[in-house]
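Trainee: Below are the sequence and a predicted model for it; my questions follow.
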Amino acid sequence: MSNFHKSILAESTCILLDIDGVILDQNFDNLFWGEWLPAAVAAKKDISLETAKEDIYKTSKQLYGTLPWYELKFWEDKYDVDLISLAEQNKSYVKFIEGAEAALKFMSSLNKKIFFLTNCDSRLLKVKSSQVSLLNYADDWISSVDLGVIKEDQKFWTIAFNQLNVLASESIFFDDNISIVNSAIDYGIKYSVHITEPTNNDSVIYESKSEYQIRKLVDLIRAD
Ligand SMILES: [Mg+2]
């Protein structure tokens, strides 16, 4: 499998990568939204942690996969919590996925364009990238929240490809969110690869029916 993915990588002139769950351990985001935000909301509103968790879960379920869900501003306005300070306090949890940095180094050696395409709010990405130096591996990066249109939406790809000045038909893309992998396929990205293990602690493992799938980026550089 790995040789196959190496060859489709070699065939592509442009490498596009999601960040969270592909390069960075998704565990930070899981704790951020599932534990630290509820704790901050509980303290702020003087309610129990369980009540805060339920309320956030309910909102999150309604908005999953839409722009507000990814926007820090939405959550800050709703709960009156300083999310950047919350991220700063916990930034030691920002970590590369095992082997991701080695895979990025390998990709950098291939003399191709490398771009990061994320739905992570750029304010939060700034905190993450102050902890783990990842942006130096990319020629450029785009936060969909800055554009006001997320990767699940076909309009995102039109804007992104115009801005980056590369061709979808020559690009390979890696994401851990199957809806986004499929959105990229619908747009016409040549290879859209599903990453099925977005955490280092194996707390999330996706079953995938995707045509192209690997566990982690490091699979690209593993010897068969
Ligand atoms: Mg992701």
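Mentor: Ah, there it is. Numbers count the residues shown, from 1 in each chain.
Trainee: OK, contacts around the single nearest residue of the chain relative to the ion?
Mentor: Closest contact between the chain and the ion, by Cβ to the ion, is at Gly21 (3.5 Å). Any C-beta I mention is one placed from the backbone N, CA and C, and that applies to glycine too. Neighbouring residues of Gly21 by Cβ atoms under 8 Å, 6 or more residues apart in numbering: Asp29, Ile97, Asp175, Asp176, Asn177, Ile195, Pro198, Thr199, Val204.
Trainee: PyMOL command for the buried members of the residues you listed?
Mentor: In PyMOL, this line selects whichever of the contacts of Gly21 come out buried by 16 or more other Cβ atoms under 10 Å:
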select buried, resi 29+97+175+176+177+195+198+199
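Trainee: From the contacts of Gly21, pick out the ones that also neighbour the ion.
Mentor: Contacts with the ion within the contacts of Gly21, as defined by Cβ under 5 Å from the ion: Asp176.
Trainee: coming back round to it: quick check: the residue of the chain closest to the ion vs Val181, distance?
Mentor: According to Cβ to Cβ, to the nearest Å, Gly21 and Val181 sit 11 Å apart.
Trainee: if I look at these two, which residues touch both of them?
Mentor: Asp175.
Trainee: in this structure, which spans are strands?
Mentor: Taking DSSP state E, the strands of the chain run over residues 14-17, 113-118, 140-143, 171-175, 191-195, 212-214.
Trainee: How far does the second one sit from its chain's centre?
Mentor: Right, strand 113-118. In this view, strand 113-118 has its centroid 11 Å away from the chain centroid, taken as Cα atoms, centre = their mean, to the nearest Å.
Trainee: again, but for the fourth one
Mentor: Between the centre of strand 171-175 and the centre of its chain there are 12 Å (Cα atoms, centre = their mean).
Trainee: angle of that strand against strand 113-118?
Mentor: Counting by axes from the mean of the first three to the mean of the last three Cα atoms, to 10 degrees, strand 171-175 points 30 degrees away from the direction of strand 113-118.
Trainee: How about the fifth one?
Mentor: If you take the same axes, to 10 degrees, strand 191-195 sits at 50 degrees to strand 113-118.
Trainee: Could you list the buried residues of strand 191-195?
Mentor: Neighbour counts over strand 191-195 (16+ other Cβ under 10 Å) mark Tyr191, Ser192, Val193, His194, Ile195 as buried.
Trainee: picking up where we left off before, which among the contacts of Gly21 gets closest to Leu83?
Mentor: Asp29 (11.9 Å; Cβ to Cβ).
Trainee: Got phi/psi on the residue lying farthest from the centre of the chain?
Mentor: Most distant residue from the mean C-alpha position of the chain: Asp46, 32.4 Å away (Cα atoms, centre = their mean). Torsion angles at Asp46 (phi, psi; degrees, to the nearest 10) stand at phi 60, psi 50.
Trainee: For this structure, which residues are neighbours of the ion?
Mentor: Counting by Cβ under 5 Å from the ion, the positions of the chain adjacent to the ion are Asp18, Asp20, Gly21, Asp176.
Trainee: The residues you listed into JSON lines, with extra columns for pLDDT?
Mentor: Below are the residues of the chain next to the ion laid out as JSON lines (pLDDT from 0 to 100):
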{"residue": "Asp18", "pLDDT": "98"}
{"residue": "Asp20", "pLDDT": "98"}
{"residue": "Gly21", "pLDDT": "98"}
{"residue": "Asp176", "pLDDT": "98"}
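Trainee: Tell me which two in those are the farthest apart.
Mentor: Greatest spatial distance in those: Asp20 and Asp176, 7.7 Å, computed using Cβ to Cβ.
Trainee: With that, I have no additional questions.
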